[in-house]
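Peer 1: What would the 3D arrangement of this be:
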Amino acid sequence: MTENLLQIPSAFYRCSGPNCGVLKGASDRWWVMWSSFDDYQAPVMHLAPWDEKLALQEGALHVCGELCAQKLQSQFMGNVIENRTRRNSG
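Peer 2: As a prediction, the model looks like this:
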């Protein structure tokens, strides 16, 4: 019975978009974003349509729609450029 409890997803997801925080309802417009460094030896941003299994993964960002996804992508790109500049100048 304990195993079943571990698989029950949270009913509450908040959008990770900057200054958003809206709670997920029944809408199918939500997305999941995450970043990785594994396969390409460079930072990579991933975007996928809402999937409960992906949403439960560590580091997953829950995104309510296109505008918040764009804001997070822009933030990610800015962080990559800033870190690259720091490494090259230091």
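
Peer 1: Arg87 falls within a strand, correct?
Peer 2: No: going by DSSP: H, G, I helix; E, B strand; the rest coil, the assignment for Arg87 is helix, not a strand.

Peer 1: Give me the distance between the residue nearest in space to the middle of the chain and Asn88.
Peer 2: In the chain, the centroid-proximal residue (Cα atoms, centre = their mean) is Leu61; its distance is 2.3 Å. Between Leu61 and Asn88 the distance is 28 Å, computed by Cβ to Cβ, to the nearest Å. Yep, even glycine has a C-beta here, placed from its N, CA and C like the rest.

Peer 1: any idea how far Thr85 is from the residue nearest to the centre of the chain?
Peer 2: Counting by Cβ to Cβ, the gap from Leu61 to Thr85 is 24 Å.

Peer 1: Kindly report the same for Glu58.
Peer 2: Distance from Glu58 to Thr85, by Cβ to Cβ: 28 Å.

Peer 1: Give me the more crowded residue out of the two.
Peer 2: Thr85 (10 against 5; other Cβ atoms under 10 Å).

Peer 1: Would you enumerate the residues in contact with that one?
Peer 2: Not one residue lies near Thr85 by Cβ atoms under 8 Å, 6 or more residues apart in numbering.
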